[in-house]
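>>> fold the stuff below for me.
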Amino acid sequence: GWQFHPALGHTITLDDLRAAAAANSRGNFERSYLNRWTSGVETVVDMDTWATRAADQTPPPAHAVAYAYEVANDRSGASIFAAWRDTAGSMNVRPYRTGPGTDWLIPTLLDLHRSGASIFADDGGTTRVVTEELRRHDVDVTTLTGRDASTAWAAFKSAITDGTLIHDGSANLTQALEVAAERTHLDTPTLSRKHSAGPIDALMAAVVAAWFADRLRTTLQVF
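Modelled structure (predicted):
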């Protein structure tokens with residue numbers, strides 16, 4: 001029953017749909033390509049488990065926090081997330097700022113940079129435009145590329161499952177997880193902005209921040 005797809009015969013072929021079906025879970029494929037809403041059991045993580053990971057957090061000194069930003073694929077909004085590993089060994093993620101539009105993003109990131117914060121981003125999508133602008137302002141942004149993006153997402157999911165990830169109950173992050181879709185890259189699932197059923201900027205920012213939070217000691221300059 002794929003023949004009704006409006007782009008079939010124009011910008012995509014049946015072979016394209018078959019390839020997409022093979023590269024995605026059934027739930028992701030039906031949401032992204034067939035415009036069918038699917039039940040919560042087909043989300044990229046178990047949302048009941050996710051809900052149990054909300055807890056109080058005590059952020060450490062700023063130098064021990066990784067900040068990552070992401071722009072929604074349709075530029076409807078953007079997110080900056082903070083992440084750090086606490087003394088009990090848990091990875092903490094929480095929003096620093098999220099909001100509609102993107103006009104606020106670069107000024108906020110410049111303020112963070114001036115405060116001495118370490119800033120990170122995924123090297124993809126519309127986020128690249130922000131990264132290029134920040135670098136023109138001499139902001140040293142470290143980006144997540146290639147296979148590391150898949151590894152970072154796998155680590156984030158594992159931390160949810162094994163209970164070593166803590167979040168603050170952010171509605172933006174929860175909503176992003178509910179609509180997120182995966183694609184296969186180098187035989188490994190990774191997040192897909194294009195195939196998700198809505199903006200996932202909060203999730204992308206959280207995943208990148210968590211990945212680099214454990215790498216601050218190798219990326220921070222020592223004076």
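>>> what element comes up after the helix or strand bottoming out on mean pLDDT in the chain heading to the C-terminus?
Within the chain, confidence by mean pLDDT, DSSP states H and E is lowest for helix 26-33 among all helices and strands, at a mean of 52. Sequence order places helix 47-52 as the next helix or strand after helix 26-33, per DSSP states H and E.
>>> any buried residues in that next one, and which?
Across helix 47-52, burial judged by 16 or more other CB atoms under 10 Å covers residue 50. Any C-beta I mention is one placed from the backbone N, CA and C, and that applies to glycine too.
>>> kindly report the same for stretch 73-82.
73, 77, 78, 79, 80, 81, 82.
>>> lowest pLDDT pick from the residues you listed?
Lowest pLDDT of those: residue 73, 92.
>>> separation between that residue and residue 194?
Distance, residue 73 to residue 194, using CB to CB, to the nearest Å: 7 Å.
>>> burial measure for residue 173, as a count.
24 (other CB atoms under 10 Å).
>>> C-terminal to the helix or strand containing residue 189, what's the next element?
Assigned by DSSP H and E, residue 189 belongs to strand 188-192. Counting by DSSP H and E, the next helix or strand C-terminal to strand 188-192 is helix 201-213.
>>> that older thread, just checking, what packs against the strand holding residue 189?
helix 147-162, strand 181-185, helix 201-213 (3 or more CB pairs under 8 Å, 6 or more residues apart in numbering; DSSP states H and E).
>>> what lines up beside it in the sheet?
Within its sheet, and counting by DSSP bridges, strand 188-192 is paired with strand 181-185 (antiparallel).
>>> avg pLDDT for the partner strand?
Throughout strand 181-185, pLDDT has a mean value of 88.
>>> what of stretch 57-69?
93.
>>> span of that stretch from start to end?
From its first residue to its last, stretch 57-69 covers 20 Å (CA to CA, to the nearest Å).
>>> who touches it?
Contacting residues not belonging to stretch 57-69 are listed as 78-84, 86, 92, 94, 96, 105, 109, 112, 115-122, 127, 130, 166, 168, 205-206, 208-210, 212-213, 215-216, 220 [CB atoms under 8 Å, 6 or more residues apart in numbering].
>>> that stretch: how far from the chain's middle?
Its chain's C-alpha centre and that of stretch 57-69 lie 17 Å apart, by CA atoms, centre = their mean, to the nearest Å.
>>> okay, buried residues for it please.
Those buried within stretch 57-69 under the rule 16+ other CB under 10 Å are 57, 65, 66, 67, 68, 69.
>>> measure the fifth one to residue 184 for me?
With distances defined as CB to CB, the gap from residue 68 to residue 184 amounts to 23 Å.
>>> try the third one
Distance, residue 66 to residue 184, using CB to CB: 27 Å.
>>> next one: residue 91
Going from residue 91 to residue 184 by CB to CB gives 25 Å.
>>> next, count neighbours for residue 107.
With other CB under 10 Å as criterion, residue 107 counts 9.
>>> brain fart, residue 147
The local packing of residue 147 (other CB under 10 Å) involves 11 other residues.
>>> quick one: contacts for it?
Contacts for residue 147 (CB under 8 Å, 6+ apart) come out as 185, 186, 188.
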